[in-house]
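> 3D, please:
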Amino acid sequence: MKKIVAMLQPFDLKQTIYVYENGNKIKVVEIETAEVANTICTLAQEEKVEEINLGGAKQYSKGIGKKIQEAATTQYSTSFEIKYL
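Numbers count the residues shown, from 1 in each chain. Got it, this is the predicted structure:
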């Protein structure tokens, strides 16, 4: 099973996103904070990810999770399972 894991930091200019498959890291992407939602959606579709895990500050992660769901439904016509660490 493929999943995306991101430990989000509210005041960092860039965020690091990891893609795992069966517990093995297969891809690491560093992106600007302003592009997190769209980049995660794009990466999830490219890699056929089944689950997105967001960690870090809870309110910040939930806000990003909401943006991911909005982008997924409006721009990508899909949805992802998002879990908060």
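
> give me every residue that touches residue 71.
Taking Cβ atoms under 8 Å, 6 or more residues apart in numbering as the definition of contact, the neighbours of residue 71 are 37-38, 41. No exception for glycine: its C-beta is placed from N, CA and C like everyone else's.

> next one: residue 62
Applying Cβ under 8 Å, 6+ apart, one finds that residue 62 lies in contact with residue 84.

> Likewise for residue 19?
2-5, 25-29, 43, 47, 49.

> Give the helix, strand or coil label for it.
Recorded secondary structure, residue 19: strand (DSSP: H, G, I helix; E, B strand; the rest coil).

> Select the longest helix from this structure.
Of all segments of type helix in the chain, defined using DSSP state H, the longest is helix 58-74.

> which residues are in contact with the very next helix or strand once past that helix?
For helix 58-74, the following helix or strand on the C-terminal side (DSSP states H and E) is strand 81-84. Contact with strand 81-84 is made by 50-55, 58, 61-62, 65, 68-69, as judged by Cβ under 8 Å, 6+ apart.

> Identify the farthest-apart pair in those residues.
Within these, two members stand farthest from each other by Cβ to Cβ: 50 and 58, at 22.9 Å.

> Need the three-state assignment for residue 10.
For residue 10, the assignment made with three-state DSSP gives coil.

> ok, and the closest non-adjacent residue to it?
On the basis of Cβ to Cβ, 6 or more residues apart in numbering, the spatially nearest residue to residue 10 that is not a chain neighbour turns out to be residue 60, at 4.6 Å.

> Show the contacting residues for the closest residue to residue 40 other than its chain neighbours.
Beyond its immediate neighbours in the sequence, the residue positioned closest to residue 40 (Cβ to Cβ, 6+ apart) is residue 68, lying 5.5 Å away. Contacts for residue 68 were tallied using Cβ under 8 Å, 6+ apart; they are 36-37, 40-41, 52, 80, 82.
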